[in-house]
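> output the structure for:
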Amino acid sequence: MRTGEPLPEVGDVLAALATGLWHWDTAAGEVRVDAEAARLLGLPAEGARLTEAQVRARLHPVDWNEITGVVRLAVTEGTLAEVRIRVMDEQGRVVRVVRSRSKQSFDPDHKTYELIGTLQEVAEPAPGTPAGRSAVTGDWRRSREAFLLDAGRALAEARSTQEVLRVAAGLSMPGFSPDGLAVFGVEGDRLRIIGHHGQRQGEEGPFSGMPLDTDYPAAEVVRTGRAVYLSSPEEYRSRYPVTWPLAERFGRHSWAYLPLTVAGRTMGAWMAAFAYPVAFTPDERSVLTTVARMLAQALSRAGAAETQRELTDGLQRSMLPVLGPEIPGMDIAARYVPTGGGLQVGGDWYDVIPLPGGRFALVIGDVQGHDVRAAGLMGQLRIALRAYAAEGHRPDAVLSRASHFFHGLTQADCDEDPADMRFATCYYAEVDSATGTVESARAGHLDPVVRMADGTALIRATAGGLPLGIDPDSDYPTTRHALEPGETLMLCTDGLVETGGHDLRTGWGRLRHVLEDRWETMDELADALVQAVLGPSSHHTTGPLADRREDDIALLLLHRETGDYGRGRPPARRTMMTVAQAEPERISEARQQLRALLHDWPDEDQRDSAVLLLSEVLTNVLVHTDTDALLVTDVTGEPGERRIRVEVTDTGEDLPHKRRPGEMASSGRGLMLIELLSHAWGVAPRGEGKSIWFEFYESEGSPAEPVAPSEVP
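Residues are numbered from 1 along each chain as shown. This next block holds a predicted model:
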């Protein structure tokens with residue numbers, strides 16, 4: 001070309017360089033190509049207007065999907081879109097590999113692209129070479145996809161910020177793994193280092209607390225939300241001369257700074273530094289961008305989980321009590337385990353309230369729900385119960401006032417949304433540490449369990465009323481019983497019994513084996529009970545309700561000391577209960593209690609006979625007197641030589657006597673049955689009233705201390 005001659009047309013220059021020109025308008029769905037671009041696509045060498053479907057038919061289907069991803073990435077970063085694609089013939093064979101470079105514009109209103117670019121034939125790169133890494137095709141693509149799948153799975157499973165950082169540090173990217181990583185967060189108007197890898201501890205100091213307006217790549221990324229790629233030290237030094245001396249001493253050759261964006265908000269930046277030069281091709285940028293997005297999501301989830309755990313710990317510390325000073329003659333242990341899902345605090349709680357005169361109160365309850373509302377209601381109810389107890393009210397009055405208070409708390413919410421009705425179950429007991437007397441009232445809660453001195457565990461039936469908050473005028477009858485030396489009282493919420501798919505029956509059976517074992521301390525027993533429900537062994541004892549939702553667990557143990565917790569314990573069992581004239585249904589509870597007490601008695605006929613005679617004696621008191629019956633049952637002696645004594649006392653004046661009922665008589669056979677079935681029996685005056693007793697012996701011989709039957713008038 002001579003000087004002064006006009007320059008050739010751009011199209012002629014591109015044709016001379018075997019480079020085609022194309023224009024793609026996604027809104028119209030049309031691709032315009034010149035003659036050279038048409039030839040490279042395997043079409044006649046002439047300009048043409050093609051549909052997207054016609055172009056797509058000439059390209060490898062995997063590569064077409066790759067093009068759309070590279071274009072989106074280039075729009076985000078404001079860079080050229082560069083991609084290698086395979087051109088196919090009608091038989092599906094690769095005829096050539098071409099490189100496309102394009103500049104794109106994006107219409108955010110219509111979500112459409114317009115691209116102008118070039119096509120140029122290139123050689124197929126050898127796998128594993130730098131050119132092979134930059135190619136869209138080949139083994140690198142498969143390695144990249146496998147890497148992203150593994151990285152996504154590992155980051156999704158991380159549960160804390162430290163776990164996320166450990167996963168990020170262990171990522172081995174296909175063909176260009178960084179040897180230095182850093183994650184930056186934002187505090188006010190400054191950067192902070194969340195974590196780093198590949199640098200010694202303390203070397204991050206100059207970068208932490210850096211103002212966001214500093215001429216530093218991570219600060220720019222946070223300000224703009226756009227990635228920064230630095231392929232060489234020279235590029236770093238020219239673009240960021242102020243902070244280059246800080247980065248120079250690490251001896252790295254390439255850097256990538258990417259925004260950590262969640263829900264459109266840039267929460268920080270991620271730095272990947274390389275000890276060798278990296279060109280940061282579109283494919284490499286695509287991998288880094290995908291990892292940055294996954295890393296941002298993982299950090300956001302971990303941060304939310306850690307915030308929730310902090311809230312949980314705070315709620316637990318503020319709402320769950322400290323057991324306080326030691327109580328003479330008593331040992332107390334407690335546990336609270338939150339549910340496994342949702343907010344880690346629910347409505348379960350326990351409390352130990354000191355009272356005047358060496359007494360104290362035990363409280364355990366469960367507010368419906370596993371949310372912040374349930375936790376808040378639980379805290380208010382716990383404070384109210386403490387206040388009513390401090391005023392000196394008896395257990396029935398404490399629960400009555402608490403029910404009225406809780407109904408007032410929840411009524412407004414219930415009026416707005418009847419489906420949001422809340423109630424609470426509760427067990428409240430006053431204990432005299434000197435005598436072991438326990439006076440309790442129950443509001444829809446589980447009955448307590450007593451572990452006797454010889455290890456036998458049985459459910460102690462107590463009178464009860466409606467859960468708190470349902471009826472503000474509910475009554476809560478009291479039940480009185482004695483905690484004997486060596487016995488342990490267990491109070492729990494239904495989560496301890498029913499967790500793992502169990503109902504009340506099967507769940508109690510699972511716990512009973514743990515309770516009846518030997519334990520050195522109450523803390524060991526408390527841990528064993530929780531472990532039986534939540535530990536590895538519990539996974540093999542799922543109950544019939546296998547899809548049952550998990551629940552919070554609250555557990556409270558009270559042991560009346562005898563000097564040891566299992567070794568050399570006295571072989572004695574005792575239960576007491578009152579059957580009032582107005583409570584004939586408690587006869588059934590007395591029968592169940594006696595059967596539980598004799599669960600290991602070897603002679604089944606004797607067990608059945610004892611239960612039958614107990615029914616006869618209690619019924620006789622309710623039918624023939626106007627008084628209540630006090631039932632005391634004792635099992636004494638060594639195994640194999642034990643004796644059971646059942647005694648029923650009432651304040652009636654008339655002593656029972658044997659009769660000879662006629663064939664058609666409906667009564668009068670009770671004492672005859674006692675004489676016929678028991679080993680010994682008798683009637684004894686008791687100042688005001690009398691007692692009727694009978695005994696069975698485990699062996700056919702005489703008891704250790706023979707007791708002759710009393711004469712009956």
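> ok, longest helix in the chain?
Counting by DSSP state H, the longest helix found in the chain is helix 282-319.
> average pLDDT for that helix?
Taken as a whole, helix 282-319 has a mean pLDDT of 78.
> now do stretch 226-234
Averaging pLDDT along stretch 226-234 yields 92.
> how about it: buried residues?
Buried residues in stretch 226-234, counted by 16 or more other Cβ atoms under 10 Å: 227-231, 233. In short, each C-beta sits where N, CA and C put it, glycine included.
> and the strands in the stretch 301-450 of the chain?
330-337, 348-354, 359-367, 424-432, 437-443, 449-451 (DSSP state E, counting those that start in this stretch).
> which among those strands is found nearest to residue 399?
strand 437-443 (4.8 Å; Cβ to Cβ).
> mean confidence for the closest one?
Across strand 437-443, pLDDT averages out at 93.
> ok, now stretch 623-638?
The pLDDT scores in stretch 623-638 average 86.
> OK, contacts around the nearest residue to residue 361 once chain neighbours are set aside?
Leaving aside its chain neighbours, residue 361 sits nearest to residue 353 (4.1 Å; criterion: Cβ to Cβ, 6 or more residues apart in numbering). Neighbouring residues of residue 353 by Cβ atoms under 8 Å, 6 or more residues apart in numbering: 360-363, 385-386, 389-390.
> sort out which residues of the helix or strand residue 527 falls within are buried, please.
Per DSSP states H and E, residue 527 falls inside helix 522-534. Residues of helix 522-534 classed as buried by neighbour count (16+ other Cβ under 10 Å): 522, 525-527, 529-530, 532-534.
> which of the contacts of residue 353 count as buried?
Judged by 16+ other Cβ under 10 Å, buried ones among those: 360-363, 385-386, 389.
> which two among these are spaced furthest apart?
Greatest spatial distance in these: 360 and 385, 13.2 Å, computed using Cβ to Cβ.
> what average pLDDT does stretch 404-418 get?
Stretch 404-418 carries an average pLDDT of 75.
> equivalent analysis for stretch 171-179, please.
Average pLDDT, stretch 171-179: 70.
> low-confidence ranges, the stretch 451-600 of the chain, go.
536-550, 563-572 (pLDDT under 70).
> tell me where it has strands.
Along the stretch 451-600 of the chain, the segments classed as strands by DSSP E, counting those that start in this stretch run 457-459, 478-482, 488-492, 553-560, 573-579.
> cool, the stretch 601-713 of the chain as well?
Under the criterion DSSP E, counting those that start in this stretch, strands of the stretch 601-713 of the chain are mapped to 629-636, 643-650, 680-685, 690-697.
> let me have the ones you listed in CSV, extended by mean neighbour count.
Below are the strands of the stretch 601-713 of the chain laid out as CSV (neighbours: other Cβ atoms under 10 Å):
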stretch, mean neighbour count
strand 629-636, 20
strand 643-650, 22
strand 680-685, 17
strand 690-697, 22
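> which other helices and strands contact the one helix or strand residue 98 maps to?
With secondary structure defined by DSSP H and E, residue 98 is part of strand 94-107. Packed against strand 94-107 by the contact rule (3 or more Cβ pairs under 8 Å, 6 or more residues apart in numbering; DSSP states H and E) you find helix 61-77, strand 81-88, strand 112-122.
> I appreciate the help and will end here.
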